[in-house]
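**Student:** sequence and predicted model, in that order:
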Amino acid sequence: MQRYIDKFLRYLDIEKNYSAHTLLNYRLDLQDFAKFLGEAAIEQTDYLSLRKYLAVLKERNLKSRSISRKISCLRSFFKFLTREGYLKTNPVLSLSSPKREKHLPSFLTEEEITKLVEAPQGKDDNSLRDRAILETFYSTGMRIGELVGLSLDDVDFIAAVIKAKGKGKKERLLPIGEKALNAIKNYIDQRSKKSNDVFLNKNGKRISDRGVRNIVYKYIRLASLRGGISPHSLRHSFATHLLNRGADLRSVQELLGHVNLSTTQIYTHLTTEKLKSVYDKAHPRA
């Protein structure tokens, strides 16, 4: 089993150009499946085996989103094995994924965003860094992994654009606002440790995903914002506010780096206040 996993991951890395984060998730999912199989050979896997594995996943009380991800991984894995001739038939073809719960993304109002990004008030290295992180998050809508991976070479202060390295190692240029650029410049100019990485931890090394998450949660608490807000909420807020102010869906799709427009369409929800405002202005008997 392990040699098949290694071949598959090598294919995803070299041929499909998947990111290191995605490759790690695929490896973990496949190793979990291998643990379930135990001594059984991969060639003996059939539809019944997969149904039993699905039952085991449900017994763990995993969310349908997590189960769907694991099944998607197995679909790609067995498709690869069948195409390469390691297996004669694909046992996943008849397996259906559980229905995923539909959740509207949590987002902040424009007033809440202002309160959050302006929460870091100090002039020390950490405060300036934290302000720059929050401003950049909201200004560009990038993912945490993209923000963590930023180098100084990726920031064009004159053209006001920033290069994000997204999923599948794909790169895209994003416009960045003046406030975010100024926050980055203030941090870079003052910090004591020099590096080509934009955001550093206390040791002068590139900050980690967890480090950024901890920073965002810290200021969510300090700003006394309501519950249910996460670091990803800044990305949700970015998309929602653009659409509320008239941006078209295709442009927002490009900015977010979504491959499919259907992924972006979840952001077409509007705040209750926005809907009421439109209704009051448009309906003759409002």
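**Tutor:** Right, received. Where do you want to start?

**Student:** C-alpha from now on. contacts and neighbour counts both.
**Tutor:** Will do.

**Student:** between the two ends of stretch 241-253, how far is it?
**Tutor:** Start-to-end span of stretch 241-253 (CA to CA, to the nearest Å) is 14 Å.

**Student:** other residues contacting that stretch?
**Tutor:** Contacts to stretch 241-253, defined as CA atoms under 8 Å, 6 or more residues apart in numbering, come from residues 110, 239, 259-261, 264-265, 267-268, 270, 274.

**Student:** okay, who's weakest in these by pLDDT?
**Tutor:** Here the lowest pLDDT out of the contacts of stretch 241-253 sits on residue 270, with 53.

**Student:** want to throw the contacts of stretch 241-253 into a markdown table with distance to residue 170 and neighbour count?
**Tutor:** Putting the contacts of stretch 241-253 into a markdown table (distance: CA to CA, whole Å; neighbours: other CA atoms under 10 Å) gives the following:
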| residue | distance to residue 170 | neighbour count |
| --- | --- | --- |
| 110 | 30 | 12 |
| 239 | 20 | 25 |
| 259 | 11 | 11 |
| 260 | 14 | 11 |
| 261 | 17 | 13 |
| 264 | 18 | 18 |
| 265 | 21 | 13 |
| 267 | 22 | 23 |
| 268 | 25 | 14 |
| 270 | 30 | 13 |
| 274 | 34 | 13 |
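
**Student:** which members of the residues you listed are the farthest-apart pair?
**Tutor:** Looking at the contacts of stretch 241-253 by CA to CA, the two members farthest from one another are 259 and 274, with 27.9 Å of separation.

**Student:** list the contacts for the residue nearest in space to the middle of the chain?
**Tutor:** Computing the C-alpha centroid of the chain and ranking residues by CA atoms, centre = their mean puts residue 143 first, at 4.9 Å. Under the criterion of CA under 8 Å, 6+ apart, the neighbours of residue 143 are 137, 166, 232, 235.

**Student:** try it again at 7 Å.
**Tutor:** Contact criterion CA atoms under 7 Å, 6 or more residues apart in numbering gives no residues in contact with residue 143.

**Student:** poorly predicted segments of the stretch 101-250 of the chain, please.
**Tutor:** 101-105, 168 (pLDDT under 70).

**Student:** show me where it has helices.
**Tutor:** Along the stretch 101-250 of the chain, the segments classed as helices by DSSP state H, counting those that start in this stretch run 110-117, 125-140, 144-148, 178-190, 209-222, 232-244, 249-256.

**Student:** can I get these in CSV with distance to residue 197?
**Tutor:** Shown next, in CSV, are these (distance: least, CA to CA, whole Å):
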stretch, distance to residue 197
helix 110-117, 21
helix 125-140, 12
helix 144-148, 9
helix 178-190, 10
helix 209-222, 14
helix 232-244, 22
helix 249-256, 22
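
**Student:** most tightly packed of those?
**Tutor:** Burial of the helices of the stretch 101-250 of the chain is given as mean neighbour count (mean count of other CA atoms under 10 Å); helix 125-140 ranks first at a mean of 23.

**Student:** got the angle between that one and helix 178-190?
**Tutor:** Angle of helix 125-140 versus helix 178-190, following axes from the mean of the first three to the mean of the last three CA atoms, to 10 degrees, is 150 degrees.

**Student:** okay, angle between helix 125-140 and helix 209-222 too, please.
**Tutor:** Using the same axes, to 10 degrees, one finds that helix 125-140 and helix 209-222 are set 90 degrees apart in direction.
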